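Q: All I have is the shape, not the residue letters:
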């Protein structure tokens, strides 16, 4: 459970030294509770207090990065579940789902490039491609599909639970830092090892976490 400002204040040194940038320890505690400042900004916090606060104020959704260059996106790191509770730190991203077995696969990949317009000063465009593995393609077939999708410059999400197929796909796109969305109870260890070796983010099925 998230700590309130008063709970955090009780763990501060209460010196009002202003070294954190706030006029008082109470003001600092309130900012920490709101997520506006990190607890490490206080140079006089005890190790025990820092350990307690770090665990209590950590966002429930881990911050991750996917993609590279202009297509690198930060996801997660949120302290709330709903946008109406507080402005999200990392905005939601727009992805298009494409399957390797779709007859209009090429047309769909091309169409994803054309969705690009301004709305009230904000650029709206396809930022990610969610690449479904149909279950019938060979590892080489899915890898070829992923390679073609990677040419778009979009950040990729590999929806594949087959370890061998996922490995073939990562061999052709791991440098672009895709998300490997394919771990479940039956393949978690193998997928985790694969993602670690490739240096990419791993999505876990049946759990609200990404590692």
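A: Received the coordinates, thanks. Fair warning: this is a prediction, and the values are worked out from it, not measured in the lab.
Q: The helix or strand bottoming out on mean pLDDT in the chain - contacts with which helices or strands?
A: Least confident helix or strand, the chain: helix 47-57 with a mean of 78, by mean pLDDT, DSSP states H and E. Helix 47-57 makes packing contacts with helix 5-11, helix 25-34 when contacts are defined by 3 or more C-beta pairs under 8 Å, 6 or more residues apart in numbering; DSSP states H and E. All C-beta spots, glycine's among them, are computed from the backbone N, C-alpha and C.
Q: can you give me the helices for this protein?
A: Along the chain, the stretches classed as helices by DSSP state H are 5-11, 25-34, 47-57, 105-114, 139-150, 163-173, 188-198.
Q: Worst mean pLDDT among those helices?
A: Ranked by mean pLDDT, the helices of the chain bottom out at helix 47-57, with a mean of 78.
Q: about what we covered before: report the distance from the least confident helix or strand of the chain to the chain centre.
A: Once both centres are worked out by C-alpha atoms, centre = their mean, to the nearest Å, helix 47-57 turns out to sit 24 Å from its chain's centre.
Q: That helix vs helix 25-34, what angle?
A: 40 degrees (axes from the mean of the first three to the mean of the last three C-alpha atoms, to 10 degrees).
Q: For the remainder of this discussion, apply numbering that starts at 496.
A: With the count now opening at 496, the last piece we talked about shows up as helix 542-552.
Q: What is the neighbour count of residue 658?
A: Close neighbours of residue 658, defined as other C-beta atoms under 10 Å, add up to 18.
Q: Now for it: which residues touch it?
A: By C-beta atoms under 8 Å, 6 or more residues apart in numbering, the contact list for residue 658 reads 682, 685, 686, 689.
Q: Buried ones among those?
A: 682, 686, 689 (16 or more other C-beta atoms under 10 Å).
Q: I'd guessed the second one sits against residue 661; true?
A: What that stands for is residue 686. Yes - if you go by C-beta atoms under 8 Å, residue 686 and residue 661 touch, sitting 6.9 Å apart.
Q: Can you check which residues contact both of the two?
A: Listed as contacting both residue 686 and residue 661 by C-beta under 8 Å, 6+ apart are 675, 677.
Q: out of everything not next to it in sequence, what's closest to residue 636?
A: Leaving aside its chain neighbours, residue 636 sits nearest to residue 595 (6.7 Å; criterion: C-beta to C-beta, 6 or more residues apart in numbering).
Q: Walk me through the domains of this structure.
A: 500-552, 559-699 (automatic domain parsing).
Q: if I look at residue 683, how far off is residue 650?
A: The gap separating residue 683 from residue 650 is 23 Å, by C-beta to C-beta, to the nearest Å.
Q: To clarify, my last question referred to residue 512.
A: From residue 512 to residue 650 the distance is 44 Å (C-beta to C-beta).
Q: Which one of the two is surrounded by more residues?
A: Remark: of residue 512 and residue 650, residue 650 carries more neighbours, 25 against 14, as counted by other C-beta under 10 Å.
Q: For that one, which residues count as its bridge partners?
A: The partner list for residue 650 in beta bridges (DSSP bridges) reads residue 623.
Q: was I right about it contacting residue 668?
A: No - with contact defined as C-beta under 8 Å, residue 650 does not count as touching residue 668 (10.3 Å).
Q: Which residue, neighbours along the chain excluded, lies closest to residue 558?
A: Closest to residue 558 by C-beta to C-beta, 6+ apart is residue 572, at 3.3 Å.
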